[in-house]
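> only geometry, no sequence info:
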């Protein structure tokens, strides 16, 4: 006897298949962690979306002795934020293929203009095209580093303490403000330091003894304690720390964290 399947059951199955496909597409567009290890002497990436897909992404590129690393947090959640990840990745590919742009600040400006141009006639009020972005450029021979951030900072952890390299306050994307540019910060003293790029969601985690958002100072103190530990182990310890900070509370945002040595 043939078993009847309800329309509701079919809808659930189809929806699950779409969700699984979207999740695969989201992770497939991002570089593998092994690729990060090819570019840096020691590194890790933590990527924990709040749901099945995330709004955090990262990008890697090498040109001669220069390595470029970008982390971006697209504003919003779920499929729309994941779609913006692909748009930002495609814009970066367009830049690499067709333009000679060297400085991290110039890359941010390029992204800003590309996204503004693409969505200048946008009428979908649900789609937020803005993103917080941090970009690092490292010369693998001289170890000189440059950083530019659009509403994102770079954490430098060394024996003397924590150094927060500040980015500009304005996001990349569809903002009414016409920016003349984003500033690039030069770092020459990169020896014996660990560097960390964190998505907005890391510092949106609520928990701890006072039920507050995780601060850069709190996270920096923890990372400084572990700074002599290999990055692979730091990844495991950082995941434990973020879980412990959240405690019984739910993860309230997408999380991405990249740690590396110059």
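Looks like it came in fine. Keep in mind that what you see is a predicted model, and the values were worked out from it rather than measured.

> what segments of the stretch 1-150 of the chain are helices?
7-28, 33-39, 78-98, 104-118 (DSSP state H, counting those that start in this stretch).

> any idea which of those helices has the lowest pLDDT on average?
Sorting those by mean pLDDT places helix 7-28 lowest, at a mean of 53.

> which residue is the nearest non-sequential neighbour of the residue nearest to the spatial centre of the chain?
When Cα atoms, centre = their mean is applied to the chain, the residue found nearest the centroid is residue 71 (3.2 Å). Spatial nearest neighbour of residue 71, excluding adjacent residues (Cβ to Cβ, 6 or more residues apart in numbering): residue 197 at 4.3 Å. Any C-beta I mention is one placed from the backbone N, CA and C, and that applies to glycine too.

> next one: residue 194
residue 157 (4.6 Å).

> give me every residue that touches that neighbour.
Residue 157 makes contact with 163, 193-196, 220, 223-224, 227, according to Cβ atoms under 8 Å, 6 or more residues apart in numbering.

> give the ChimeraX command for selecting the buried subset of those.
In ChimeraX, this line selects whichever of the contacts of residue 157 come out buried by 16 or more other Cβ atoms under 10 Å:
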select :163,193,194,195,196,220,223,224
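
> in strands, which of the contacts of residue 157 fall?
163, 194-196 (DSSP state E).

> closest one to residue 97 out of the residues you listed, please.
residue 195 (27.6 Å; Cβ to Cβ).

> the closest one against residue 154, yeah?
Yes - using Cβ atoms under 8 Å, residue 195 makes contact with residue 154 at a distance of 6.2 Å.

> anything in contact with each of these two?
In contact with both residue 195 and residue 154: residue 136, using Cβ under 8 Å, 6+ apart.

> related to what we said a few turns ago, mind checking pLDDT for the residue nearest to residue 71?
Predicted confidence (pLDDT) for residue 197: 98.

> these two touch, right, it and residue 134?
Yes - taking Cβ under 8 Å as the definition, residue 197 is a contact partner of residue 134 at 4.9 Å.

> now do the shared contacts for the two.
71, 152, 154.

> and which of those is nearest to residue 139?
For these, the nearest to residue 139 is residue 154 (16.0 Å; Cβ to Cβ).

> state the distance from the closest one to residue 213.
19 Å (Cβ to Cβ, to the nearest Å).

> between the two, which is the more surrounded one?
residue 154 (23 against 14; other Cβ atoms under 10 Å).

> residue contacts, that one?
With Cβ under 8 Å, 6+ apart, residue 154 has these contacts: 134, 136, 147, 164-165, 167, 195-197.

> do you know the pLDDT at it?
97.

> and what of the one 5 residues further on?
Per-residue confidence for residue 159 comes out at a pLDDT of 84.
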